[in-house]
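[1] Need coordinates for the following:
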Amino acid sequence: MRRPASAAIFLALWASAAAAQELRVPAGAEITRSETEEGSAYRLPTGPWAEDGLPAERIDGTVTRTAWKVPRRDLTPQQLIAPMRAALAEAGWEVVLDCETEGCGGFDFRFATEVIPAPEMYVDLTNYRFLAARGPDGAAGLGILASRDGSAGYIQAIRVSPVGQPETDAPAAPVASTSGRADDLISTLETRGHVVLSDLRFESGAASLGEGSVASLDRIATYLSQAPDRSILLVGHTDATGSLDANRAVSRQRAQAAADYLRDRGVAASRIAAEGAGYLAPAASNLTDEGRLQNRRVEAVLLPAG
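    Numbers count the residues shown, from 1 in each chain. Model (predicted):
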C-alpha cells in the first residue's frame, strides 16, 4: 500500500544504539514499500561488478527495505540521491561505493545486487545510480539505488543494523530466483519480481525451445494481456561449458527464443526484452550434471510497461 511522503518524512538510520540520524528523500516522494525483517542479512556492494562477481560484504542483522516513487520528470538518478548523500555526510557515514550505470557494471551489477521488485521499484538498465555507505561505528550498512522511467523517479534504500560483527565475503553471486509452477508462477513473479521458467530446458550449447507449447510462457502471455501496465525482461543463463562470450551469446539466444514465443502469442514486442548472463549467475554448482542442467535456464523479470 502506498502512502504519501513529504520532504519532512524521513527514513531513520540508526548510527548507534544511542542516536538516530535521518535520511532525506525528495519532496513529493511516495512510499511504495516498507518492510523490516529481523534475523536477516544484506550483502552490501563494496565495488563495481568484476569478472569474478560482485564484491560485497555480508552484514547480518535487522534489514529494513524501503522504496519510494518520486512523481517528477526533471530529476536524474544523481539528483534523486543527492539529498540522501548529503544527510549521510552530515551524520558521519562513510561512502564505500558511489557509481553510475556502466561504472557500476551495468546489467551485471543490476542483477547481482538486491532490488525491490516492480512495480514498487523500477530500474532502467541504462540509467541508474548506486551508493553504499557504512555507519560511523563501521557496523551498520546502507545501499541506495535510484533510477527513473519516463514519468517518475524511483529510489530504494536497504539498511541493515547488525547483530555482532559483520562478516566479509568473497564476491557474491546473485541470489537464485524461486522456480514456480504454472499455477503459482504469476504470484511468485509479482511477489519476488522474478521467477525461473522451470519448464524450459536446454541441452548444453543449444537455444531451441523445441516443438509444442510452454505452460509458463503461456501463463505469462495471458497475464500480460490482462495487465497492460507490465512488461517482461527474459534473462538467459548457461552452465560453465565453453567461453564466457559464447555462453553469453547462447544465453541471450535462449532468452530471445522465449521472447519470440511470447510475441507469437500476441504480446507486443515493445513489452518484451531479452538479455543473456552466460554462466555469471549460477543457480547451482557447475561441477555436477544436475547442477549444470539447473543452470541452463531462463528467468522472467517483471517490469513496468514503457
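
[2] all helices of the stretch 1-150 of the chain, in order?
    Taking DSSP state H, counting those that start in this stretch as the test, the helices found in the stretch 1-150 of the chain are 77-90, 106-112.

[3] who's in contact with the last one?
    It refers to helix 106-112. The contact list for helix 106-112, computed with CB atoms under 8 Å, 6 or more residues apart in numbering, reads 45, 48-49, 53-54, 99, 104-105, 123, 125-126, 128, 130, 172-174, 235, 275, 277, 280-281. All C-beta atoms are positioned from the backbone trio N, CA, C, and that covers glycine.

[4] Just the pLDDT at Glu22, thanks.
    pLDDT, Glu22: 53.

[5] Distance-wise, check Ala240 relative to Val123.
    Distance, Ala240 to Val123, using CB to CB, to the nearest Å: 27 Å.

[6] Deepest in the core, which of the helices of the stretch 1-150 of the chain is it.
    Among the helices of the stretch 1-150 of the chain, the stretch with the highest mean neighbour count (mean count of other CB atoms under 10 Å) is helix 106-112, at a mean of 21.

[7] average pLDDT for that helix?
    Helix 106-112 shows a mean pLDDT of 89.

[8] One more: stretch 253-262?
    Averaged over stretch 253-262, pLDDT sits at 92.

[9] What residues of it count as buried?
    Buried residues in stretch 253-262, counted by 16 or more other CB atoms under 10 Å: Gln253, Arg254, Ala255, Gln256, Ala257, Ala258, Ala259, Tyr261, Leu262.

[10] what's the answer for stretch 281-288, then?
    Neighbour-count burial for stretch 281-288, counted by 16+ other CB under 10 Å, picks out Ala281, Pro282, Ala283.

[11] Ok, stretch 121-138 next?
    Buried residues in stretch 121-138, counting neighbours by 16+ other CB under 10 Å, are found at Met121, Tyr122, Val123, Leu125, Tyr128, Arg129, Phe130, Leu131, Ala132, Ala133, Arg134, Gly135.

[12] what's the span of it from first residue to last?
    Distance between the two ends of stretch 121-138: 28 Å, counting by CA to CA, to the nearest Å.

[13] Now find how far off-centre it is within its chain.
    Distance of stretch 121-138 from its chain centroid, counting by CA atoms, centre = their mean, to the nearest Å, is 11 Å.
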